[in-house]
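*Asks:* Structure of the sequence below:
(2 chains)
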Protein chains: 2
Amino acid sequence: MASSKRLEKNFQHLAGIGQESSGGFTRLAFSDTDWEAREFVIGLMKQAGLVIRVDAFGNVIGRREGVNPAASVIMTGSHIDSVPHGGNYDGVVGTLGAIEALQCLEEAGEKNYHPIEVVVFMSEESSRFGVATLGSKAFCGKLSREKLDELKDKQGLSLADVLRQRNLSPDNIAEAHYKGGIKSFLEIHIEQGKVLETTQNQLGVVTGIAAPTRLRVMFTGQADHSGATPMNMRQDALTAAAEIILQVEAFANEEAHNAVVGTTGIVKAEPGVMNVIPGKVELGIDIRGIDAPSKQRVVDKLKAEFEAIKKKRGVGIEVVVLSDDTPVKLPDHMVEFLYDICQQSSYKSIRMPSGAGHDAMHIATLADTGMVFIPCRDGISHNPAEHAKIEDITAATEVLTKAIQKLAAKE
Amino acid sequence: MASSKRLEKNFQHLAGIGQESSGGFTRLAFSDTDWEAREFVIGLMKQAGLVIRVDAFGNVIGRREGVNPAASVIMTGSHIDSVPHGGNYDGVVGTLGAIEALQCLEEAGEKNYHPIEVVVFMSEESSRFGVATLGSKAFCGKLSREKLDELKDKQGLSLADVLRQRNLSPDNIAEAHYKGGIKSFLEIHIEQGKVLETTQNQLGVVTGIAAPTRLRVMFTGQADHSGATPMNMRQDALTAAAEIILQVEAFANEEAHNAVVGTTGIVKAEPGVMNVIPGKVELGIDIRGIDAPSKQRVVDKLKAEFEAIKKKRGVGIEVVVLSDDTPVKLPDHMVEFLYDICQQSSYKSIRMPSGAGHDAMHIATLADTGMVFIPCRDGISHNPAEHAKIEDITAATEVLTKAIQKLAAKE
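*Replies:* Predicted coordinates:
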């Protein structure tokens, strides 16, 4: 049985690393606080009997040998870096939960046919280098040597410089690409939304990880005097943009099963004064979904709407596609496998998509992957107010432990 | 006949005062450049045979005596101060046009039954003290002694301090309230919009001066994660605001005869990032019209819409009324009188509302008031690109001269 006392103690210890007077936590990737937290979890992994190795990107892998050392690996883990002024749960739940699961197996003296590995991915948050999930990208062979020079933090330090500071050789980055066979990958994580809380479920089994299509849309009208320009002589960039803001919402709503969410998070109008009609407006639009055709349908409808509004209102509309990623559907058999364990353990649970990205979305390209979400208070994450209950963390760790036991047994 | 050569020479002279390397003009109220320009126009007024007096606010009044000095006065004028980096036409057309009209009467040796006065109002632009048309307010007895201490410029100088610098006594402000009877007031001005240009008219006879109702509207929703929050669990402050932006436009369009214009000039969304649903949005809304009931109808419809959207979307909406001024309808007989003169002189002209405010809107409370607009290129004003054609200035001055002649004759 997962020990909520031990989990709580480990959370408290980690909370002491990078905590700020505001109550938030800052453990930027590869920073001293990140490294101190990493040393702490390496210690925990050793206590759980794991044999530690570190890859070329600094990702930590702790191995519990299997009865058949040549068998494919059952893997679990997450990350410990944070956004600036973030919380102590995002990533940490999946890291400490994975270690606790292995600690339980060690204490039970279980024999596992498949080797089991706990992984702690470096630099999952985009806060330092502007790109998320760098460690799991390197792990999947998707991070090039050139990129290490290209990516720079605010101080101008490249990712390559930072790796060198940690005695890692950027030139060996290709070696971080995981070589062995992975049978399954499991990650537990806080939801970072409020679906579980709102629907009063304790656990969520993730059906897929949404990927965003992000658009920057520039509207160009005429910045005329708001008092002296009759309604029928206007080219108002903001009313044109307002139509799009509402269409983003409407088109997402038109997709069945909450398959797509559409958000206009950024709006800037120039000149931005009371007595001038906005001549320039910029929108930042984020369309996400776990179903690629559904997401594409929303994007296509929006593109048609841009053309319609250009004609109708005589304004210019310029669209820049900032990103257009493909969603990751997690295998149905993994979803049902985890959902069954939740049900057997009497944890009230639902199947649900993940709106945010996770290391698991990369590992899903290498191995059958499953994720379990726990609620976080008010859906708040990346914020000092981020909070998850120890009962929920323990419940997810229980499910993780049982899942690992089953997956690691001889077929 | 108004002399376009003389007008052009006077515009060129004034253009030398406060001109910047950018091509714009800065003659902030009561500044050295404003005072230099004032000295120049006082000189022109004297050349036109006018007897100069200055009121307690520094407004300049030049009088051409009438056959009956006790008869009510025919008055005309405008202002010479500018916004920062403004043009050389806003206010100047009405000032130099008025002086040219009186110069013509002087040269023709005409006898006018009614006295005629040219007035140059101080501090028409709100740029220095945040409040527009200060000189005409003082002239109408609407500027209190207390207000002179209250109003401060960016350097912290009060309007009272600035008056003292110009040897004017703030304590005498009540004496600026014009005592005599005014029969009619006339002002010519650039349109500051593009109705005349678009409809290819040379002159516009103003039917009324619109007054704004200005609202600051704060929308409060929930700043949740844009990826992890299903569409049906959102309280999106921006989509709520977008509905209002479109309703401002729609409700203004519903009023007949272009009676109302409605503009959302300001929109600010927080936190303003791609992956968070906007939790707070501020709109700045400007509703103007020359017909008070028509304007009020739009404001009332908007207020009802705020309530409807609160209920429909579960967001908070807080409305602050920043200003709620009453539009000024100019007397029909003045509109028709000026329109007839335009027609008789074969100037292509229309009747039209003024969207911007003018000194004339205050004087309209004292006397029958009429205004004539001339086109300005691309509708641009308060900008170095502000431009009006000398033919149009001359045409308006001709109409002004004829109107003064008729009004100043014995009834």
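*Asks:* Contacts only, for the residue nearest to A:Met352 when sequence neighbours are not counted.
*Replies:* Spatial nearest neighbour of A:Met352, excluding adjacent residues (Cβ to Cβ, 6 or more residues apart in numbering or on different chains): A:Gly204 at 4.4 Å. C-betas here are computed from N, CA, C, even on glycine. Counting by Cβ atoms under 8 Å, 6 or more residues apart in numbering or on different chains, A:Gly204 touches A:Glu191, A:Val195, A:Leu196, A:Ser349, A:Ile350, A:Arg351, A:Met352, A:Val372, A:Phe373, A:Ile374.
*Asks:* And the residues you listed, which two are furthest apart?
*Replies:* A:Arg351 and A:Ile374 (14.7 Å; Cβ to Cβ).
*Asks:* Which neighbouring elements make contact with the strand or helix carrying A:Val162?
*Replies:* Assigned by DSSP states H and E, A:Val162 belongs to helix A:159-165. Applying 3 or more Cβ pairs under 8 Å, 6 or more residues apart in numbering or on different chains; DSSP states H and E, one finds that helix A:159-165 contacts helix A:145-150.
*Asks:* got a list of what the residue in the stretch 301-411 of chain A positioned nearest to chain B touches?
*Replies:* Distance from chain B to each residue of the stretch 301-411 of chain A (Cβ to the nearest Cβ) is smallest for A:Gly355, at 3.1 Å. By Cβ under 8 Å, 6+ apart, A:Gly355 lies in contact with A:Gln192, A:Gly193, A:Ala210, A:Val261, A:Arg288, B:His225, B:Ser226, B:Gly227, B:Ala228, B:Thr229.
*Asks:* Just give me the neighbour total for the spatially closest residue to the fifth one that is not a sequence neighbour.
*Replies:* Spelled out, it's A:Arg288. For A:Arg288, ignoring the flanking residues on the chain, the nearest one in space by Cβ to Cβ, 6+ apart is A:Ala210 at 4.1 Å. By the criterion of other Cβ atoms under 10 Å in any protein chain shown, A:Ala210 has 24 neighbours.
*Asks:* Also A:Ser354?
*Replies:* A:Ser354, neighbours per other Cβ under 10 Å, totals 28.
*Asks:* what do you get for A:Asp368?
*Replies:* Quick note: A:Asp368 (other Cβ under 10 Å) scores 17 neighbours.
*Asks:* again with A:Ile390
*Replies:* Number of residues near A:Ile390 (other Cβ under 10 Å) recorded here: 12.
*Asks:* Distance-wise, check it relative to A:His13.
*Replies:* According to Cβ to Cβ, to the nearest Å, A:Ile390 and A:His13 sit 14 Å apart.
*Asks:* tell me the mean pLDDT over the longest helix seen in chain A?
*Replies:* Criterion DSSP state H: the longest helix present in chain A is helix A:292-313. Computed over helix A:292-313, the mean pLDDT rounds to 97.
*Asks:* How about that helix, which residues are buried there?
*Replies:* Neighbour counts over helix A:292-313 (16 or more other Cβ atoms under 10 Å in any protein chain shown) mark A:Ser294, A:Lys295, A:Arg297, A:Val298, A:Val299, A:Lys301, A:Leu302, A:Glu305, A:Phe306, A:Ile309, A:Arg313 as buried.
*Asks:* wait, the fourth one sits on A:Thr263?
*Replies:* Same thing as A:Val298. No - assessed by Cβ atoms under 8 Å, A:Val298 is found out of contact with A:Thr263, at 11.4 Å.
*Asks:* what residues are shared contacts of those two?
*Replies:* A:Ile287.
*Asks:* Let me see the confidence value for A:Ser22.
*Replies:* 79.
*Asks:* how close does it get to A:Ala241?
*Replies:* For A:Ser22, the distance to A:Ala241 - Cβ to Cβ - is 35 Å.
*Asks:* next one: A:Thr199
*Replies:* 34 Å.
*Asks:* Per the annotation, how does chain A divide into domains?
*Replies:* What automatic domain parsing lists as the domains of chain A is A:4-210+A:327-408, A:211-324.
*Asks:* Looking only at neighbour counts, state which of A:Ser22 and A:Ala241 leads.
*Replies:* Set A:Ser22 next to A:Ala241 and count neighbours by other Cβ under 10 Å: A:Ala241 wins out with 29 against 9.
*Asks:* Which strands or helices does the one helix or strand that one maps to pack on?
*Replies:* Assessed by DSSP H and E, A:Ala241 sits inside helix A:237-254. Helix A:237-254 is packed against strand A:211-220, strand A:260-270, strand A:280-289, helix A:292-313, helix B:237-254, strand B:260-270, with contacts defined by 3+ Cβ pairs under 8 Å, 6+ apart.
*Asks:* change it to 10 Å
*Replies:* strand A:211-220, strand A:260-270, strand A:280-289, helix A:292-313, strand A:316-324, helix B:237-254, strand B:260-270 (3 or more Cβ pairs under 10 Å, 6 or more residues apart in numbering or on different chains; DSSP states H and E).
*Asks:* and the third one, which strands flank it?
*Replies:* Based on DSSP bridges, the strands next to strand A:280-289 in the sheet, each with its direction, are strand A:211-220 (antiparallel), strand A:260-270 (antiparallel).
*Asks:* can you map out the helices along chain A?
*Replies:* Under DSSP H, chain A gives helices at A:4-15, A:32-47, A:92-108, A:134-139, A:145-150, A:159-165, A:195-199, A:237-254, A:292-313, A:332-344, A:360-363, A:390-408.
*Asks:* winner for burial among those?
*Replies:* helix A:134-139 (a mean of 28; mean count of other Cβ atoms under 10 Å in any protein chain shown).
*Asks:* Nearest to A:Met361 among the buried residues of helix A:292-313?
*Replies:* Nearest member of the buried residues of helix A:292-313 to A:Met361, counting by Cβ to Cβ, is A:Lys295, at 14.5 Å.
*Asks:* With adjacent residues omitted, what lies nearest to the closest one?
*Replies:* A:Gly289 (3.8 Å).
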